[in-house]
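1. What follows is a predicted structure for the sequence shown.
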Amino acid sequence: MRMYTDPKGEAYEQIIDLAIRNSECFVLGEKLPAAVVPHRPYAAVLEALEPYLMKTIVIESIDEVTTMGKAYRSHAFYTTGTYYLYRSCEESGNLLKRMASRLSEWVYPNLPEDLCFVKEGGGDYLYSVVHERMYGMDITEEEAIELMDRVTGICLKLEAHRDLDRLLDDAIKHQTDWLYISRHGLTELPDRIRELTELRDLEIFEQDLYRLPEELFELSRLERLTISTADLESIPASIAKLKNLRELRIHCASSNRPGFRPKPKEEISLNRIPPEIGELEQLEQLTIAYTSIQELPREIEKLKRLRMLNLGNCMIKRKPKFLHRMKQLEFINVSQNSL
């Protein structure tokens, strides 16, 4: 069951206690070769955990990654590296609580990576893949609801969240980091979206969503925003308020319904990028796909951190010359097809 939050503070401590009680061991990994990390800045952490070490596993090939993944059925083993398996007990759990204050802190260079708790016989009870911002637990819907009622700051993706009001109630209560909104038949986003003040990552896949409300642009901590819909009226100038935005993805002609046929791109309402896009100083990736956009605003040149620009299936006939001056760009797709 995927988590919407990266538990922190008291919520982190309570989830560590719960994981210790329900697992045989926990796994931490060194994913980089010793030549790359010669000084091991987290050496004191490994030394403190040494009394609880059960096994060290060195994985040198992709075949071994596959073998270990099957053997332990754990998210921990997804690449080559050195993995340490520690006994789950109160004492080792107390160390984990002292060494970090949230799951996302288990990452190089300060700590070994991707804390995962493995049950007796295999399978994760609690997993984290920090670089991919993935956290989850193997618990039932009933257990998840009880846990969320008891501990503020832990929010899991429930079947009950098919009800949008229930999803927003839980997301607001627990101030989620990430939220995925889909299959609610929305034509507009509710005003309550503004209450998700801790949101860093928002994904919306709603075919009938046509307008983006001003409340969306009050989410000042947002770093990643993905909008997938059949058609979109515009990108409001208020996009400039999202000063921390690093990734913006907008996909028109999107549907998860059988038999859907997209409009010809000439009929897609999204036909311009506002010049205010140039005020997103942190933006690294910009994707706007399948639109009737015919030109780019020169303000895009102000995006000094932009590495990827993808405007596939637009109506731009010629790549603007100013893009050649953006030497930091690693990928450019400004074309009338998807290539």
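-> Received it, and whenever you're ready, just let me know what you need.

2. Model confidence score at the residue nearest the centre of the chain, please.
-> Centroid-nearest residue in the chain: R133, 4.5 Å away (criterion: C-alpha atoms, centre = their mean). With respect to pLDDT, R133 scores 91.

3. Enumerate every residue touching it.
-> Applying C-beta atoms under 8 Å, 6 or more residues apart in numbering to R133 gives the contacts D6, S104, D177, W178, D201. Yep, even glycine has a C-beta here, placed from its N, CA and C like the rest.

4. Return the distance of stretch 263-279 from the chain's centre.
-> 25 Å (C-alpha atoms, centre = their mean, to the nearest Å).

5. how about the CA coordinates for that stretch, as CSV?
-> Taking C-alpha atoms only, stretch 263-279 is exported to CSV below (Å, rounded to 0.1, in the frame of the first residue of the first chain):
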residue,chain,number,x,y,z
LYS,A,263,-9.3,15.8,-30.9
PRO,A,264,-7.0,16.9,-33.7
LYS,A,265,-4.3,18.9,-32.1
GLU,A,266,-5.4,21.9,-34.1
GLU,A,267,-8.6,21.9,-32.0
ILE,A,268,-6.9,21.6,-28.7
SER,A,269,-7.5,24.8,-26.7
LEU,A,270,-4.0,25.1,-25.2
ASN,A,271,-2.4,27.3,-27.9
ARG,A,272,0.2,29.3,-25.9
ILE,A,273,2.7,29.2,-23.1
PRO,A,274,2.4,32.3,-20.9
PRO,A,275,5.6,34.5,-20.8
GLU,A,276,5.3,34.2,-17.0
ILE,A,277,6.8,30.7,-17.4
GLY,A,278,10.2,32.4,-17.4
GLU,A,279,9.8,33.3,-13.7
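
6. sorry, back to before: and the contacts of R133, which is closest to I59?
-> Nearest to I59 among the contacts of R133 is S104, at 23.2 Å by C-beta to C-beta.

7. number of nearby residues for the closest one?
-> By other C-beta atoms under 10 Å, 18 other residues sit near S104.

8. So it, which state does it fall into?
-> The three-state label given to S104 by DSSP: H, G, I helix; E, B strand; the rest coil is helix.

9. What distance do you get for it to S269?
-> From S104 across to S269, the span is 38 Å (C-beta to C-beta, to the nearest Å).

10. ok, back up a step: report the two of the contacts of R133 separated the most.
-> Distances among the contacts of R133 were taken as C-beta to C-beta; the most separated pair is S104 and D201, at 12.1 Å.

11. so what's the closest residue to M326 other than its chain neighbours up against?
-> Spatial nearest neighbour of M326, excluding adjacent residues (C-beta to C-beta, 6 or more residues apart in numbering): E301 at 6.2 Å. Neighbour list for E301: G278, F322, L323, R325, M326 [criterion: C-beta under 8 Å, 6+ apart].

12. ok, of those residues, which come out buried?
-> Buried members of those, scored by 16 or more other C-beta atoms under 10 Å, are G278, M326.

13. need the contacts of E301 in a markdown table with secondary structure, distance to E206 and pLDDT, can you?
-> Compiled in a markdown table, those are given as follows (DSSP: H, G, I helix; E, B strand; the rest coil; distance: C-beta to C-beta, whole Å; pLDDT from 0 to 100):
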| residue | secondary structure | distance to E206 | pLDDT |
| --- | --- | --- | --- |
| G278 | helix | 28 | 97 |
| F322 | helix | 34 | 92 |
| L323 | helix | 32 | 92 |
| R325 | helix | 37 | 92 |
| M326 | coil | 32 | 93 |
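
14. Of the contacts of E301, just say which sits nearest to R87.
-> Nearest to R87, judged by C-beta to C-beta, of the contacts of E301 is M326 at 52.4 Å.

15. In three-state terms, label Y125 for me.
-> strand.

16. ok, it - contacts?
-> Y125 makes contact with A19, N22, S23, F117, V118, K119, M137, D138, according to C-beta under 8 Å, 6+ apart.

17. picking that back up, distance check, the residue nearest to M326 against L156.
-> Distance of E301 to L156, given as C-beta to C-beta: 43 Å.

18. Residue ranges in this protein under the pLDDT threshold?
-> Low-confidence segments of the chain (pLDDT under 70): 33-38, 338-339.

19. got the residue ranges for the strands in the stretch 1-150 of the chain?
-> In the stretch 1-150 of the chain, the strands defined using DSSP state E, counting those that start in this stretch lie at 25-30, 53-59, 81-87, 113-118, 124-129, 134-137.

20. what about those strands, which gets the closest to P236?
-> Closest among those, using C-beta to C-beta: strand 134-137, at 30.7 Å.

21. For the chain, which segments are assigned as helices?
-> Using DSSP state H, the helices of the chain run over 10-21, 43-49, 62-72, 90-99, 141-150, 164-174.

22. can you redo the ones you listed as TSV with mean neighbour count and distance to R318?
-> Putting the helices of the chain into TSV (neighbours: other C-beta atoms under 10 Å; distance: least, C-beta to C-beta, whole Å) gives the following:
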stretch	mean neighbour count	distance to R318
helix 10-21	19	52
helix 43-49	14	55
helix 62-72	14	43
helix 90-99	16	55
helix 141-150	14	53
helix 164-174	17	43
